[in-house]
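In: Could you look at this predicted model? Sequence included:
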Amino acid sequence: MLQASEENRINPSDIENIFVRSERTGELVPLSSLVTLRNVAEAGALRRYNRIRALTITADLAPGYSLGEGLEFIQSIVPEEAPEAVYSDVKGDAREYQEALIAFVFTFLLSLLIVYLVLAAQFESFIHPFTIMLAVPLAMAGGLFGLYITGYTLNIYSGVGLIILIGIAAKNGILIVEFANQLRDDGMDVTTAVVEAAKIRLRPVVMTGLSTAAGTLPLVLAAGPGSESRVSIGVIILFGVVIATFFTLIVIPVFYNTFGKYTGSPGFVERKLRLQEKDISAQGPAKQGQRRSTPQPAE
């Protein structure tokens with residue numbers, strides 16, 4: 001690449017000092033007679049993003065607004081103000097936020113699936129795990145309500161709290177359903193078994209719920225650097241556990257009474273086999289006694 005020295009290319013008029021040789025006559029011709037100069041405002045560099053020519057706009061969040069609200073505003077205003085051929089995308093902190101949100105949704109759904117499959121293997125039923133996990137939406141609603149009244153937002157830390165609530169909320173349902181199945185193994189009907197299970201398991205459910213809620217108070221009352229992340233987790237767990245504990249004692253027995261009649265208790269087959277074994281063992285000595293008392297024919 002041929003280039004003039006820096007002192008000879010400072011001003012646009014310096015092009016008049018450059019001569020090129022004519023191919024037809026062999027004479028030197030000033031370059032200014034062959035080209036036209038005009039001033040144009042253009043970008044110093046043409047940047048691309050995702051292999052498309054792009055223009056990067058940076059902005060800071062106003063006080064009181066979250067990153068999610070800022071992204072929602074940008075995504076709503078770009079179609080209104082920009083031409084149809086223009087589309088928007090994010091990078092930097094905004095892109096990391098979106099990727100973290102997608103990863104959280106995947107992790108949350110995977111946690112639900114794993115818990116459901118483990119409960120299905122434990123209770124040998126696909127209906128009992130569904131009944132137990134009805135407490136999970138209640139706990140999530142309570143956690144989100146806690147975020148709303150405390151003014152915190154749904155972020156990666158509060159998302160971790162929601163995942164923790166899956167196991168905590170399912171615990172209370174397991175206590176009731178497991179004990180109801182044991183009562184059904186002893187011969188009780190579905191309604192009587194679930195009512196007795198709710199009565200007997202009331203104290204353990206309340207005690208575990210209160211102890212878990214009390215354990216989150218240090219997180220809720222945390223102060224100092226990084227306290228916002230701990231407070232978000234604590235608020236989610238505190239409100240989620242309290243509301244899930246209260247409604248579990250109502251929702252789980254109702255749904256167990258509704259759907260439990262379509263399932264057998266895990267020990268139903270074992271109990272039936274034991275009864276048959278008792279009948280067989282009771283009939284055995286009776287038959288032997290009948291054989292011994294049968295008179296022998298005279299010779």
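Out: Perfect, thanks for sending it. Numbers count the residues shown, from 1 in each chain.
In: Isn't Val20 up against Leu34?
Out: Yes. Val20 is within contact range of Leu34, at 7.2 Å (criterion: CB atoms under 8 Å). Just so you know, the C-beta spots here come from the backbone N, C-alpha and C atoms, and that holds for glycine as well.
In: in this structure, which spans are strands?
Out: For the chain, applying DSSP state E gives strands covering 19-21, 28-30, 48-49, 52-53.
In: want to try JSON lines for these, with mean pLDDT as columns?
Out: Shown next, in JSON lines, are the strands of the chain (pLDDT from 0 to 100):
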{"stretch": "strand 19-21", "mean pLDDT": "87"}
{"stretch": "strand 28-30", "mean pLDDT": "88"}
{"stretch": "strand 48-49", "mean pLDDT": "82"}
{"stretch": "strand 52-53", "mean pLDDT": "84"}
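In: Nearest to Arg230 among those strands would be which one?
Out: strand 48-49 (36.3 Å; CB to CB).
In: which residues does Pro34 contact?
Out: That one is not Pro; residue 34 is Leu. Val20 (CB atoms under 8 Å, 6 or more residues apart in numbering).
In: Can you give me the pLDDT of it?
Out: pLDDT for Leu34: 84.
In: Repeat that for the one 3 residues further on.
Out: Leu37 is assigned a predicted lDDT (pLDDT) of 82.
In: OK, contacts around the most centrally placed residue in the chain?
Out: Closest to where the C-alpha atoms of the chain average out (CA atoms, centre = their mean) is Phe108, at 2.7 Å. Contacts for Phe108 (CB under 8 Å, 6+ apart) come out as 159, 162-163, 166.
In: mind redoing it with 7 Å?
Out: Going by CB atoms under 7 Å, 6 or more residues apart in numbering, Phe108 touches 162-163.
In: pretty sure Phe19 contacts Glu27?
Out: No. Phe19 is beyond contact range of Glu27, at 9.3 Å (criterion: CB atoms under 7 Å).
In: which of these two has more neighbours?
Out: Phe19 (13 against 8; other CB atoms under 10 Å).
In: Quick check: beta-bridge partners of that one?
Out: Judged by DSSP bridges, the bridge partners of Phe19 are Pro30.
In: re the thing from before, closest to Ile252 out of the strands of the chain?
Out: That would be strand 48-49 among those, by CB to CB, at 51.0 Å.
In: Would you mind pulling the contact partners of that closest one?
Out: Contacts for strand 48-49 (CB under 7 Å, 6+ apart): 54, 89, 91.
In: In helices, which of these appear?
Out: Per DSSP state H, helices hold no members of these.
In: Just send those residues back as CSV, with distance to Arg203, neighbour count and pLDDT too.
Out: Output for the contacts of strand 48-49, formatted as CSV (distance: CB to CB, whole Å; neighbours: other CB atoms under 10 Å; pLDDT from 0 to 100):
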residue, distance to Arg203, neighbour count, pLDDT
Ala54, 63, 15, 83
Asp89, 55, 12, 83
Lys91, 54, 12, 84
